[in-house]
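# give the three-dimensional model of this entry:
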Amino acid sequence: MNGGDDVSRETMAALADLSPAAARAISALADWTASHAAPIGLTNFHTPHQVLTHGIAPAISLAALPNSPPAATWAELGPGSGVLGLTLALLLPDAHVTLVDRRQRVIDYLELTIARAAIANATALLLDPDRDPGAARWDTVLFRALTRPSDALSMASRLATRGICAFHSPTVTAYEAPPAGFARADTQPTLAPNLALTRYHRLTA
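As a prediction, this is how the structure comes out:
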């Protein structure tokens, strides 16, 4: 993928810092997402540059941040096209990323994408956390544009054993209040335009 005016210099620089294999895999994921997820309504990003700028750049930002304690397992709730979680899996090969959705058509698409891209450390899981909240838990749970901030954080808190990562507009102040049992660690800008990342860590007894 070549850089364009709609891709920030910071994002292109971050891609240039990756290994050639990782950069090729991410570029292929952007092309696939734009051509296959957009036509079936699983993303609003219709070109590879849009996918890179808005879908992949946030994952690059997250993977670059120090993670303490380290997360061996991650889950993305309501992943849509899965580009955020799948990019994270490509960038963190020693971790495992589960893409969690309650819709079978999303899972079918994600399983196809994972198989086509040969991402060994990613899994799609059909699960409704509201109906079966005790089915599985992960070290860190992340989400973007899932539902109302308080509801999304509450859902994530039931599934995360260590941390939560919430991607949101910088103007939304509701993410300043952590869910029960967690403390807000920090809020960071991301490489994506008008998108912030707030992290929370579970309080110890």
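
# strands of the protein, residue ranges please.
73-77, 96-101, 122-126, 138-144, 160-168, 182-189, 196-202 (DSSP state E).

# list the beta-bridge partners for the nearest residue to Ala160 once chain neighbours are set aside.
Nearest residue to Ala160 in three dimensions, chain neighbours excluded: Val141, at 4.1 Å (Cβ to Cβ, 6 or more residues apart in numbering). For glycine as for every other residue, the C-beta is placed from the backbone atoms N, C-alpha and C. Val141 has the following beta-bridge partners by DSSP bridges: Ala75, Ile164.

# how far away is Val141 from Trp74?
Using Cβ to Cβ, to the nearest Å, Val141 is found at 7 Å from Trp74.

# more neighbours: those two, which one.
Each of Val141 and Trp74 has its neighbours counted (other Cβ atoms under 10 Å); Val141 has more, 30 against 26.

# isn't the more buried one right up against Leu159?
Yes: Val141 is within contact range of Leu159, at 5.0 Å (criterion: Cβ atoms under 8 Å).

# ok, back up a step: need the strands of the chain in JSON lines with distance to Trp32 and mean pLDDT, can you?
Formatted as JSON lines, the strands of the chain follow (distance: least, Cβ to Cβ, whole Å; pLDDT from 0 to 100):
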{"stretch": "strand 73-77", "distance to Trp32": "17", "mean pLDDT": "97"}
{"stretch": "strand 96-101", "distance to Trp32": "15", "mean pLDDT": "97"}
{"stretch": "strand 122-126", "distance to Trp32": "14", "mean pLDDT": "97"}
{"stretch": "strand 138-144", "distance to Trp32": "19", "mean pLDDT": "96"}
{"stretch": "strand 160-168", "distance to Trp32": "21", "mean pLDDT": "96"}
{"stretch": "strand 182-189", "distance to Trp32": "27", "mean pLDDT": "96"}
{"stretch": "strand 196-202", "distance to Trp32": "24", "mean pLDDT": "96"}
